[in-house]
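Engineer: Starting from these lines, generate the structure:
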Amino acid sequence: MSAATAPEVIFRMMRYEDIPEVSAIEVESFATPWSEQAFISELTQNQFAQYIVMEYEGRLIGYGGMWIIIDEAHVTNIAVTGDFRGRRLGERLLAELGSRAVRLGAQRMTLEVRPSNAVARRMYEKFGFEAVGLRPGYYSDNGEDAIIMWVELPFGSARSEGGRA
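Structural biologist: Below is the predicted model:
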């Protein structure tokens, strides 16, 4: 499969037994990764949490999470394993989260992103996310600020060019 090929993937809800694979992707993807215990807590104790995984040929290759609070969806994390990056799978994960958020009654979606993460920022902007503020010193590994972004759901509904998800 070439780097540009987008594989056929399956989305499903994250299960407890997915946590070791999700944690491996988390460690590979983030400077300050969540622990396995954090994911266990999200799945077993957080009534607002919604986590999905993305599979390709039986292999877990990505995941995404969000909290649904009243009519807002707060994206907690999105990650794709390294050998599947560059195939727009992050976009597919975000679109799936957005669709699920709408089905669960969310009207808006928010997230935080590092200013230095230009790839993620461009992806979010494709979906209509707009920067609305900063969280100073948000990231504990280097004190980097976080850009706070928001979008109306369904994706693109507030824009004339139509929806994305």
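
Engineer: where does the chain dip in pLDDT?
Structural biologist: Applying pLDDT under 70 to the chain flags residues 1-6, 157-165.

Engineer: how far out from the middle of the chain is the longest strand along the chain?
Structural biologist: Secondary structure assigned by DSSP state E gives strand 59-69 as the longest strand of the chain. Per Cα atoms, centre = their mean, to the nearest Å, the displacement of strand 59-69 from the mean C-alpha position of its chain is 6 Å.

Engineer: Give me the contacts around that strand.
Structural biologist: 9, 14, 18, 21-22, 25, 42, 46, 48-55, 73-81, 84, 89-90, 93-94, 96-97, 100-101, 104-106, 109 (Cβ atoms under 8 Å, 6 or more residues apart in numbering). Using the backbone N, CA and C atoms, a C-beta is placed for each residue, glycine as well.

Engineer: next one: stretch 101-119
Structural biologist: Contact partners of stretch 101-119, identified using Cβ under 8 Å, 6+ apart, comprise 50, 66, 68, 70-75, 97-98, 120-121, 124, 129, 135, 138-139, 144-154, 165.

Engineer: again, 6 Å this time
Structural biologist: Contacts of stretch 101-119 with the rest of the structure, by Cβ atoms under 6 Å, 6 or more residues apart in numbering, involve 68, 71-75, 120-121, 144, 146-154.

Engineer: Among these, name the buried ones.
Structural biologist: 68, 72-75, 120-121, 144, 146-151, 153-154 (16 or more other Cβ atoms under 10 Å).

Engineer: what sits opposite the spatially most central residue of the chain in the beta ladder?
Structural biologist: By Cα atoms, centre = their mean, the chain has its centre lying nearest to Ile78, at 2.9 Å. Beta bridges link Ile78 to Gly64 when assigned by DSSP bridges.

Engineer: Right, I'll call it a day here.
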